[in-house]
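1. Whatever this is, show me its structure:
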Amino acid sequence: MKRLVLIALLVACRKSADEPRPAPKPIEAPATAPATAPAAPPATATTTGAPPATPAAPAMIAGVAPAPGDYTIRDFAFTGGEKLPELRIHFMVLGTARRDAQGHVTNAVIVLHGTTGSGQQFARKQFADELFGPGQPLDLNKYYVILPDDIGHGASSKPSDGLHAKFPHYGYNDMVEAEHALVVDGLKIDHLRLVMGTSMGCMHAWMWAEKWPGMMDAVMPLACLPNQIAGRNRQWRKMVIDAIQQDPEWNSGEYTRQPRGAMLEASHMLTLAGSAPLPDQKRLATRDAADAAVEKSEAEFVSTHDANDVLYAVAASRDYDPSPDLEKITAPLLFVNSADDFINPPELGIAEREIKRVKRGKFLLIPASEQTHGHGTHTWGVFWKKDLQQLLDSTAKK
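-> Numbers count the residues shown, from 1 in each chain. Presented below is the predicted three-dimensional model:
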């Protein structure tokens, strides 16, 4: 209880793009996609639980109609030995796939989301309006952008579908393998122009670059570190895990209503992890303003998240550690962090040390200011879009 009080006094309004608003429920991939987006692969309706209802068509993004779909991986074997007869990976694509004379897609980009997020987070103005428009780095008239929902997230298979705590205990290796299966087997793409990811997606981008070093022209991880999660970064995750599992209302994952105490503490920790000291101090300049922000973020989090889903998502990072194989990365890599990131503080010096092991790697640290957003700076394209453009220009086929 003391920890709750302390965190409640410290936290500011949620800023991290890792905790977006709920993603829309999945729909079948269209048989014929809109003119601005090619048809997605055939979909199978569901994995666990009842088939979801079909929502209204998704909103336009940078003037382009997203083409959503579901790719089902049958008999998916998790690294821990568990299996799922059908694993649903939801996604949406933007733009048109272009093929060379041999039929290979040449303009595909995958963008990977953060913990408790979904591909929908990249439809937000601070990302989409800076990157997807005409003449911008990921101009949708030029690129074919793939936005998947990872295992346990968004409209992909997850514990809250019905299996609850009996859902397989996935890790980052499982998530990355499913992303790869979507691209290669589902969308029939064997090469990517860019692999890009934020926060958890940042970590996945490092893993892609090591597992399939020849599969991409460039890599851009934003807001993470290329080593095992330890120190304060592991501490806050462990606090969330323990808060959920030790709440009697969690009931070993078989609750009939959300365990409120656990969800409040998860909200506090995730908000603190995404906070930014300079803009928060300016924006929340009085005690009442700070208190109101905490109460607002608590209410939003508890009403839009499921305890098992949060537990699984936070615990999934346990198998992440790309540090032994950084020398395997061959693609040009631009690694971006921000100086006001609570989760990846620059004082550790890890980024500067490890980037030296990446043959064609470059590290960019965005200075803290009243305009940055802490960990969530990863989704504000205004701070790094010029560097992304330089990366794409330098890796373009001549």
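
2. Can you give me the pLDDT of residue 347?
-> For residue 347, the model assigns a pLDDT of 96.

3. Next: residue 398.
-> 77.

4. before we move on, what about residue 59?
-> pLDDT at residue 59 comes out at 86.

5. show me the contacts for it.
-> Residue 59 makes contacts with 66, 123, as judged by C-beta atoms under 8 Å, 6 or more residues apart in numbering. In this view, the C-beta of every residue, glycine as well, is placed from N, C-alpha and C.

6. For it, give its distance to residue 120.
-> Using C-beta to C-beta, to the nearest Å, residue 59 is found at 10 Å from residue 120.

7. Same check on residue 291?
-> Using C-beta to C-beta, residue 291 is found at 30 Å from residue 120.

8. Would you verify that residue 336 is located in a strand?
-> Yes: assessed by DSSP: H, G, I helix; E, B strand; the rest coil, residue 336 belongs to a strand.

9. How many residues are close by it?
-> Neighbours of residue 336 under the rule other C-beta atoms under 10 Å: 23.

10. Check what pLDDT it gets.
-> Among the per-residue scores, residue 336 shows a pLDDT of 98.

11. partners of it in the sheet?
-> residue 222, residue 364 (DSSP bridges).

12. right, and it touches residue 224 too?
-> No: Residue 336 is beyond contact range of residue 224, at 9.7 Å (criterion: C-beta atoms under 8 Å).

13. show me where the stretch 51-200 of the chain has helices.
-> 125-131, 172-181, 200-211 (DSSP state H, counting those that start in this stretch).

14. again, but for the stretch 201-350 of the chain
-> Counting by DSSP H, counting those that start in this stretch, the helices of the stretch 201-350 of the chain are 231-245, 260-273, 277-283, 287-304, 307-315, 350-354.

15. low pLDDT regions in the protein?
-> Along the chain, the parts satisfying pLDDT under 70 run over 1-57.

16. if you set the cut-off to 80 instead, what comes out?
-> Residues of the chain meeting the criterion pLDDT under 80: 1-58, 398.

17. and residue 232, what does it touch?
-> Contacts of residue 232 (C-beta under 8 Å, 6+ apart): 342-343, 345.

18. Report the separation between it and residue 238.
-> Taking C-beta to C-beta, one finds residue 232 at 10 Å from residue 238.

19. cool, residue 175 as well?
-> 20 Å.

20. okay, these two: which has more neighbours?
-> More crowded of residue 175 and residue 238, by other C-beta under 10 Å: residue 175, with 28 against 14.

21. Strands along the chain, start to end?
-> Along the chain, counting by DSSP state E, strands occupy 67-77, 83-94, 108-112, 144-148, 194-198, 219-222, 333-338, 361-366.

22. Please convert the ones you listed to TSV, extending it with distance to residue 204.
-> Formatted as TSV, those follow (distance: least, C-beta to C-beta, whole Å):
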stretch	distance to residue 204
strand 67-77	17
strand 83-94	13
strand 108-112	5
strand 144-148	10
strand 194-198	5
strand 219-222	8
strand 333-338	14
strand 361-366	17
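
23. How about the contacts made by residue 248?
-> residue 259.

24. how far is stretch 191-199 from where the chain is centred?
-> Relative to its chain's centre, stretch 191-199 lies at 11 Å (C-alpha atoms, centre = their mean, to the nearest Å).

25. quick one: contacts of that stretch?
-> 16-18, 104-115, 117, 143, 183, 203-205, 208-209, 215-224, 343, 375, 378-379, 388, 391-392.

26. mind checking the end-to-end distance for it?
-> Terminal residues of stretch 191-199 lie 23 Å apart, using C-alpha to C-alpha, to the nearest Å.

27. For residue 67, grab the count of nearby residues.
-> Here the number of neighbours of residue 67 (other C-beta under 10 Å) works out to 21.

28. I'd say it and residue 91 touch.
-> No: applying C-beta under 8 Å, one finds residue 67 not in contact with residue 91, separated by 9.1 Å.

29. Would you list the phi and psi of whatever residue is furthest in space from the centre of the chain?
-> Here the centre of the chain is the reference, and by C-alpha atoms, centre = their mean the most remote residue is residue 101, at 33.5 Å. Torsion angles at residue 101 (phi, psi; degrees, to the nearest 10) stand at phi -60, psi -20.

30. So which residue is smack in the middle of the protein?
-> Within the chain, one residue has its C-alpha closest to the average C-alpha position: by C-alpha atoms, centre = their mean, that is residue 113, at 1.6 Å.

31. so who does it touch?
-> With C-beta under 8 Å, 6+ apart, residue 113 has these contacts: 17-18, 20, 119, 121-122, 147-150, 153-154, 197-201.

32. Apply 10 Å and report the result again.
-> Neighbouring residues of residue 113 by C-beta atoms under 10 Å, 6 or more residues apart in numbering: 17-18, 20, 23, 119-122, 147-150, 153-154, 197-201, 204, 379.

33. now swap in residue 152 and tell me
-> Residue 152 touches 115-116, 158-161, 167-170, 174-175, 308-313, 315-316, counting by C-beta under 10 Å, 6+ apart.

34. and it, how far is that from residue 314?
-> Distance from residue 152 to residue 314, by C-beta to C-beta: 10 Å.

35. one step back: for PyMOL, what selects the buried ones among the contacts of stretch 191-199?
-> Only the buried entries of these go into this PyMOL selection, using 16 or more other C-beta atoms under 10 Å:
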select buried, resi 16+17+18+105+106+107+108+109+110+111+112+113+114+115+117+143+183+203+204+205+208+209+215+216+217+218+219+220+221+222+223+224+343+375+378+379+388+391+392
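
36. Show me the contact partners of stretch 390-398.
-> Contacts for stretch 390-398 (C-beta under 10 Å, 6+ apart): 100, 106, 109, 137-138, 142-143, 193-194, 196, 216-220, 331-334, 360, 362, 384.
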